[in-house]
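Engineer: Generate coordinates for the sequence data below:
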Amino acid sequence: KIKLPKKTAKRYPAYELYLYGEGNYAEENKNLLLTGIPVLFLPGNAGSYKQVRSLGSVALRKAEDIDFKYHFNFFSVNFNEELVALYGGSLQRQTKFVHECIKVILKLYRDREFAPTSVAIVGHSMGGLVARALLTLKNFKPELINLLITQATPHVAPVMPLDKYLTDFYTAVNNHWILKAQDLRNLTTLSVAGGFRDYQVRSGLAFLPRLSQHDSALSVVSSAVPRAWASTDHLSIVWCKELILATIRAFFDLIDENTRQITDNPKKRMSVLNHHFVRHPAKIFEENPEAFTELTGAFMWITVKASKWTYSLYNDSDGKYFTFPLASHRKSYSHVYCENSMLDTSSWIYGCVNSNSSMCLEATDLSWRAELLPTTKVVILKLQDYPSLSHVVIQVPPAVGNKYTLDCEFFKEDSRTVQLPVTHLFSFGLSSSKILLNSTGLLYNVQLQHFNQIYQAFKIYIESHCQSLKERKPSVYRLHIPWSHEDSIIVAEVPSFIEISAKLHIAQPENDSRIPELNIYSSSDCQYEVVLKTSLLQVLGQIIRFHAGSLPVYIVSNILLTYGGQLSTLISTGQCSDFSLELVRTAKPYKVEPLISIVVFLQGFNWFREIWQSLSLPEVDAAVLSSRDAWFPLVSLILFLFGTGIAYWSGVFFSTSLRLFSSLWLTLIRPTVPQKDKSITPRRLCGVLSLALVSWTTCGAFAVFIIYLQYLFKPVHVFVASVFYFQDSDHSKETSQNSSIHTVKNQSLMDSISEATQSLSSSTTIAEAVNSLKMHVTILNLFTWIVLLNLPSLIYWLKNLRYNVRLDPDPCRSTAIIIVCILEILMNSSTSEVKSSKLLKIAAKVPLPLSVAMLAFGRMHLYKVPHFVIFSLLLHVLCCIV
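Structural biologist: As a prediction, the model looks like this:
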């Protein structure tokens, strides 16, 4: 643990700074006489500072391998495992603390021979966003950070926008990075996303905003990272060994030999990151590789004139140079392709310039044009781009104890490119596109035409058949997305049958016409059948992946429409309909969706946009999502139907739970007959004031939770009392009938009328109780979702209670006071009061426009949902009073 200045420690009592170490290294650095390169790790949402161990341990091993010529000091910040992805109130505090930590870290190196002037930062999840937010601080000097690596960080928008502080923080950070992009050129940023296995942060959110830093920012998906080629979940991206190795190798390659710190050259930083995270040539990184190389050694020179060549060797003690004259192939072929199964880091392919002899003493090293794949390294050269080359030379060094194969072929691009139109979304997997590749070559490119939207998802089946049963190298299939680094690679034995999922993290940009490809690195005498079908299940998966965060809005919208329908039936029939029946009758997507679609369409016109802005109305969320290419046809309808289903089953759950608890209560306690009472009494007023005080002095969500629990028992009490009253009335009626047999002769007409009136009054009271019960269940259903949306700030407050009794800032302090007042009145109200109100017609009509507004403005701002519900129930309260 690093001791912080008293002022900093007092201002941030929940936060700490640590230095990672192990073994002798840890003992040597206890006195903090540090000489390495500082790297600061920032954990994410509910993340531990101990997650730095993976990076720190691997970096230490690599430093030991080079006898500590260079080494890194890994620091880590303890954010007390705060839920910053769900509560944005502490993000600014975390950012300021990190600034203080950077100053403390750099002070530790003061007066050292190679003292650093900047810190490299690795941020996991929300830690990456906090690192980016440092640049928005007024007193922060941008030169304090020169390298930022983020792991599964949602840069574009919050996963769940549950409070205004979170969305405002995102807006401030992203706007700053777009507007000040020129000032941030000296900062190199790498964002690594986890791919489809990360169910918490979809990879599309982890791509840095397109407008910012074209030349100094890089976004990749882990499935495309060389030597990793795997998707990770949200936590394992921190300790995934392949990614850790790539990161540490990049760190060591970034060191400047003169300063013994991370290089100040932004171009070198980007080339290192591209080398390790985008395209690895199977060579150790060199900043300025030599233009020409001397081909020395007593190797045999062999000329190959064939257009296709294969060479296998095992325990060969003699080295060879194979030369391929290009002059004879330039007219017939457009490309040359070579692959080498020896996965070492030495150079192996060269280009001779204007050599007329069969030997070439000086050549350009083409190995830097190679690309590493899981089982081989490959080079594709377009002959037109190398007009000065006369020969291609393949170097085969002596192979003692090694077995490997080299293949080369000349081909025409058109003959190896096949177009495969993807099936339509509404084919539902019933139709398919199919091609048959009678392979005579080593490489095929299958272009997936019209595959450019995020709602498209396909299953690609590849079946390989071979003519002979000899042993072959595995085939490599790569799904290549040209507009973003999100490729996925699969290795398959030959022959085999394999299934590949094809879906996108990022939709095709408007100005990009490139086509996604399925690259097949094949065996030359095998046949490949490629079948593509739409996968309905994966299309639904894409909808959930991109829009699951807005599901609460659709659920609450359905419940609000049902609530409005219940008020309408109360007006027309005098009875409150059952929640489930009313949901089926009232919650229809055509009531809300068309209006939103019309507004989104009109916002495409400047004149409408100007009118909209003049009214100071916020932009419709669907329009914002469309601009991010994250919105597509019918998605809102599907989400609405999902919302209807969840609302329906939540209603069934509440009704079932109510009956169970009521039965239990009825067996334990004999309830009293429900009494008519005033909505507002001194006792209830004291309760409201005390909860308002709790909200103001501690946490608004805590006050909401208390009143919710109090309200939770109201329907149970009403149900039990109604059952008891119904049973009591039946018993009284039976007794009265037995008595009347003996006294019927003496019974007067007035007694008969009085008995009939009592019986009618009894049945009316029960009917009113049932009506009130149905209304209470619906209101409780609504407020359950409001409590769930406010729950993160309550959890955050409980976790930090030992540091501060009052949650500051509190996203629901003011709304909590209003909710407390509303629920206190509603829990003591009945439908008989509401039926006689003049405002009931207005209250019944308001939920529909509120549902429309909720879907228009709440999808990307979940914290707005309670406001629409509160407004609707405020009218209900007025109906009880007026």
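Engineer: my guess is I262 meets F252, correct?
Structural biologist: No: the pair I262 / F252 is not scored as a contact, 10.1 Å apart, by CB atoms under 8 Å. To be clear about C-beta, it is placed using only N, CA and C from the backbone, and glycine gets the same treatment.
Engineer: of those two, who's got more company?
Structural biologist: I262 (24 against 19; other CB atoms under 10 Å).
Engineer: Run a quick neighbour tally on the closest residue to that one other than its chain neighbours.
Structural biologist: What sits nearest to I262 in space, not counting adjacent residues and going by CB to CB, 6 or more residues apart in numbering, is L254, at 4.9 Å. As a burial measure, L254 scores 22 neighbours (other CB under 10 Å).
Engineer: again with L617
Structural biologist: 12.
Engineer: Repeat that for P509.
Structural biologist: Other residues near P509 come to 13 when the count uses other CB under 10 Å.
Engineer: low-confidence ranges in the stretch 451-600 of the chain?
Structural biologist: 469 (pLDDT under 70).
Engineer: Tell me where it has strands.
Structural biologist: Along the stretch 451-600 of the chain, counting by DSSP state E, counting those that start in this stretch, strands occupy 457-466, 475-480, 488-492, 496-503, 517-521, 526-534.
Engineer: can you check the stretch 301-450 of the chain too?
Structural biologist: Along the stretch 301-450 of the chain, the stretches classed as strands by DSSP E, counting those that start in this stretch are 308-316, 320-325, 335-340, 349-353, 362-365, 371-372, 377-382, 389-396, 399-411, 417-421, 432-438, 443-449.
Engineer: Quickly note the distance from the closest residue to L245 other than its chain neighbours to P161.
Structural biologist: With CB to CB, 6+ apart as the measure, V58 is the residue that lies nearest to L245, at 6.6 Å, once sequence neighbours are left out. In this view, V58 and P161 are 36 Å apart by CB to CB, to the nearest Å.
Engineer: Look at the two and report which has more neighbours.
Structural biologist: Neighbours were tallied for V58 and for P161 using other CB under 10 Å; the higher tally belongs to P161 (22 against 18).
Engineer: Would you mind measuring from that one to S550?
Structural biologist: Looking at P161 against S550, where the rule is CB to CB, the gap reads 9 Å.
Engineer: Overlap in contacts, those two.
Structural biologist: For the pair P161 and S550, residues contacting each of them under the criterion CB atoms under 8 Å, 6 or more residues apart in numbering are M860, L862.
Engineer: thought F72 was touching V58?
Structural biologist: No: here F72 lies out of contact with V58, judged by CB under 8 Å, at a distance of 10.1 Å.
Engineer: Now do the contacts for the residue nearest the centre of the chain.
Structural biologist: For the chain, the residue nearest the mean C-alpha position is V201 (2.0 Å; CA atoms, centre = their mean). For V201, the contacting residues are S125, A152, T153, P154, V159, A193, G194, H234, taking CB under 8 Å, 6+ apart as the criterion.
Engineer: Please flag which of the residues you listed sit within strands.
Structural biologist: With strands identified by DSSP state E, the entries of those that belong to them are A193.
Engineer: And the contacts of V201, which is closest to A853?
Structural biologist: Proximity of the contacts of V201 to A853 (CB to CB) peaks at V159, which lies at 23.4 Å.
Engineer: what's the helix or strand containing A647 packed up against?
Structural biologist: A647 belongs to helix 635-668 when elements are defined using DSSP states H and E. Where contact means 3 or more CB pairs under 8 Å, 6 or more residues apart in numbering; DSSP states H and E, helix 635-668 is packed against helix 536-547, helix 551-572, helix 579-586, helix 593-602, helix 700-743, helix 749-799.
Engineer: State the distance from I66 to V220.
Structural biologist: I66 sits 27 Å away from V220 when distances are taken as CB to CB.
Engineer: higher neighbour count, these two?
Structural biologist: Here I66 and V220 are compared on neighbour count by other CB under 10 Å; more neighbours surround V220, at 26 against 10.
Engineer: If we ignore the residues flanking it in sequence, what's nearest that one?
Structural biologist: Among residues not flanking V220 along the chain, H485 sits closest, at 4.1 Å (CB to CB, 6+ apart).
Engineer: Export the contacts of V201 to TSV and append columns for pLDDT.
Structural biologist: Converted to TSV, the contacts of V201 look like this (pLDDT from 0 to 100):
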residue	pLDDT
S125	95
A152	96
T153	96
P154	96
V159	93
A193	97
G194	95
H234	96
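Engineer: Between the contacts of V201, which sits nearest H776?
Structural biologist: Compare each of these with H776 using CB to CB and the shortest gap goes to V159, at 33.4 Å.
Engineer: Next, count neighbours for the closest one.
Structural biologist: Burial measure for V159: 18 neighbouring residues, criterion other CB under 10 Å.
Engineer: Surely it and D198 touch.
Structural biologist: No: with contact defined as CB under 8 Å, V159 and D198 do not form a contacting pair (10.6 Å).
Engineer: and the residue nearest to C466 when sequence neighbours are not counted, how many neighbours?
Structural biologist: Using CB to CB, 6+ apart and skipping residues adjacent in sequence, the residue nearest C466 is C526, 4.3 Å away. When neighbours are counted by other CB under 10 Å, C526 registers 19.
Engineer: Can you name the residues that contact F608?
Structural biologist: Contacts for F608 were tallied using CB under 8 Å, 6+ apart; they are L602.
Engineer: which SSE is it in?
Structural biologist: Using DSSP H and E, the element containing F608 is helix 606-614.
Engineer: Pull that helix out as PDB, backbone CA atoms only.
Structural biologist: Output of helix 606-614 as PDB, limited to C-alpha atoms (Å, rounded to 0.1, in the frame of the first residue of the first chain):
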ATOM      1  CA  ASN A 606     -34.200  20.000 -41.400                       C
ATOM      2  CA  TRP A 607     -37.400  22.000 -41.000                       C
ATOM      3  CA  PHE A 608     -38.900  19.600 -38.500                       C
ATOM      4  CA  ARG A 609     -35.600  19.300 -36.700                       C
ATOM      5  CA  GLU A 610     -35.500  23.100 -36.300                       C
ATOM      6  CA  ILE A 611     -39.100  23.200 -34.900                       C
ATOM      7  CA  TRP A 612     -38.200  20.300 -32.600                       C
ATOM      8  CA  GLN A 613     -35.100  22.100 -31.300                       C
ATOM      9  CA  SER A 614     -37.000  25.500 -30.900                       C
END
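Engineer: Any idea how far that helix is from the middle of the chain?
Structural biologist: 32 Å (CA atoms, centre = their mean, to the nearest Å).
Engineer: Packing partners of the helix or strand just after it?
Structural biologist: Going down the chain from helix 606-614, the next helix or strand is helix 621-627, by DSSP H and E. When contacts are defined as 3+ CB pairs under 8 Å, 6+ apart, helix 621-627 sits against helix 593-602, helix 847-857.
Engineer: Could you check helix 621-627 and say which residues are buried?
Structural biologist: Applying a neighbour-count criterion of 16 or more other CB atoms under 10 Å, the buried positions in helix 621-627 are D621, A622, A623, V624, L625.
Engineer: Give me the distance between the fourth one and P161.
Structural biologist: The span separating V624 from P161 equals 12 Å under the rule CB to CB.
Engineer: For A246, which non-adjacent residue is spatially closest?
Structural biologist: The spatial neighbour of A246 that comes closest, neighbours along the chain excluded (CB to CB, 6+ apart), is H276 at 4.9 Å.
Engineer: Now do the phi/psi pair for that neighbour.
Structural biologist: Main-chain dihedrals, H276, degrees, to the nearest 10: phi -90, psi -20.
Engineer: With just CA atoms, put the helix or strand S191 falls within into CSV.
Structural biologist: Secondary structure here is read from DSSP H and E; on that basis S191 sits in strand 188-193. Extracted in CSV, the C-alpha atoms of strand 188-193 (Å, rounded to 0.1, in the frame of the first residue of the first chain):
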residue,chain,number,x,y,z
THR,A,188,-2.0,6.5,-27.9
THR,A,189,-5.1,4.6,-27.0
LEU,A,190,-5.9,0.9,-27.5
SER,A,191,-9.3,-0.5,-26.8
VAL,A,192,-9.7,-4.3,-26.6
ALA,A,193,-13.2,-5.8,-26.6
